[in-house]
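Novice: Predicted model and sequence follow; I will ask about them next.
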Amino acid sequence: MRKINFAGGEPFLYPKYLGQLLQFCKKDLALESVSIVTNGSRVKDRFLSTFGQYIDVLAVSCDSFNEEVNVRIGRGNGSHLPNVLRLSRLCREHGIKFKLNTVVNKYNYQEDMNQQISEIQPFRWKCFQVLVIDGENDSTATLRNANPFTIIDEEYESFCNRHSHHKCFVPEPNNVMKSSYLILDEYMCFLNKGTGAPTGSILDIGVQEALRQGYWDKSSFNKRGGIYDWSKTGESCATARDPNLDW
């Protein structure tokens, strides 16, 4: 194992446990890269002063640089952008690579984000085409319903064409993203995104058997740039002997 990413929900809802996990992954497991995806609202300078040494990459979800659009999407109540700017500054101060994640959807695909990206200068900017997954975010009975946000491929491509000149820009259309991630849910089951039910829990059947039950698209993983300079020390599997990893 070389890299782990903590996502959510919101990992910083449980800072005590998150800090312990970060330290364990870096000190005990000696992983090349430990990263977190957060909305930024609960990240404190005090936490980064204590645990920032164990974080290689901090990715902040930012779908728009217009607060009205963020509110419409569901990103806070008008305070999201100050958090994004605050975190980009804190990451520089603590030597953590700052990354942006943007979900391109019905409400932001026409937006021009070039000025803000040039100012913030993230080392990596992932732009996902909003993806509906059966059983995950397609329910009309709950808040987990992405159907109203979907866009057609041409609309996503128009956003990409507007921003692709940035060196940090990494596009992830639906056909590349769908099965290219190894994701463990809260029950420690690998998710079969769009291809079936989750695997058994690794706590019950072990990692190897769970991987045999799941589907992971290695070619799409490589196509979307899954291997990159993911360590703040510069020691990443992008420069390892086997750049394709031995899974």
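Specialist: Arrived safely, thanks for sending.
Novice: ok, and for the helix or strand of the chain with the lowest mean pLDDT, which residues are buried?
Specialist: For the chain, counting by mean pLDDT, DSSP states H and E, helix 174-177 ranks last in confidence among helices and strands (a mean of 85). Neighbour-count burial for helix 174-177, counted by 16 or more other CB atoms under 10 Å, picks out 174, 176-177. C-beta here means a position set from N, CA and C on the backbone, and glycine is covered the same way.
Novice: Check stretch 161-176 too.
Specialist: Neighbour counts using 16+ other CB under 10 Å place 163, 168-174, 176 of stretch 161-176 among the buried residues.
Novice: for stretch 1-14, same thing?
Specialist: Across stretch 1-14, burial judged by 16+ other CB under 10 Å covers 3-7, 10-12.
Novice: want to try TSV for those residues, with secondary structure and distance to Ala146 as columns?
Specialist: Output for those, formatted as TSV (DSSP: H, G, I helix; E, B strand; the rest coil; distance: CB to CB, whole Å):
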residue	secondary structure	distance to Ala146
Lys3	strand	27
Ile4	strand	26
Asn5	strand	21
Phe6	strand	22
Ala7	coil	16
Glu10	coil	18
Pro11	helix	21
Phe12	helix	23
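Novice: Domain-wise, how is this protein divided?
Specialist: Structural domains annotated on the chain: 3-180+216-223, 182-214, as defined by automatic domain parsing.
Novice: Between the two ends of the last one, how far is it?
Specialist: Spelled out, that is domain 182-214. End-to-end distance for domain 182-214: 9 Å, by CA to CA, to the nearest Å.
Novice: about what we covered before: moving C-terminal of the least confident helix or strand of the chain, what's the next helix or strand?
Specialist: helix 202-205 (DSSP states H and E).
Novice: Kindly export that next one (C-alpha atoms) in CSV.
Specialist: Taking Å, rounded to 0.1, in the frame of the first residue of the first chain, the C-alpha atoms of helix 202-205 are listed here in CSV:
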residue,chain,number,x,y,z
ILE,A,202,-12.3,-6.6,4.6
LEU,A,203,-12.8,-7.0,8.4
ASP,A,204,-14.6,-10.3,7.6
ILE,A,205,-13.1,-11.7,4.5
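Novice: can you list contacts of it?
Specialist: Residues outside helix 202-205 that contact it (CB atoms under 8 Å, 6 or more residues apart in numbering) are 184, 188-190, 199, 210, 213.
Novice: Would you reformat the domains of the chain as TSV and include distance to Asp229?
Specialist: Shown next, in TSV, are the domains of the chain (distance: least, CB to CB, whole Å):
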stretch	distance to Asp229
domain 3-180+216-223	8
domain 182-214	20
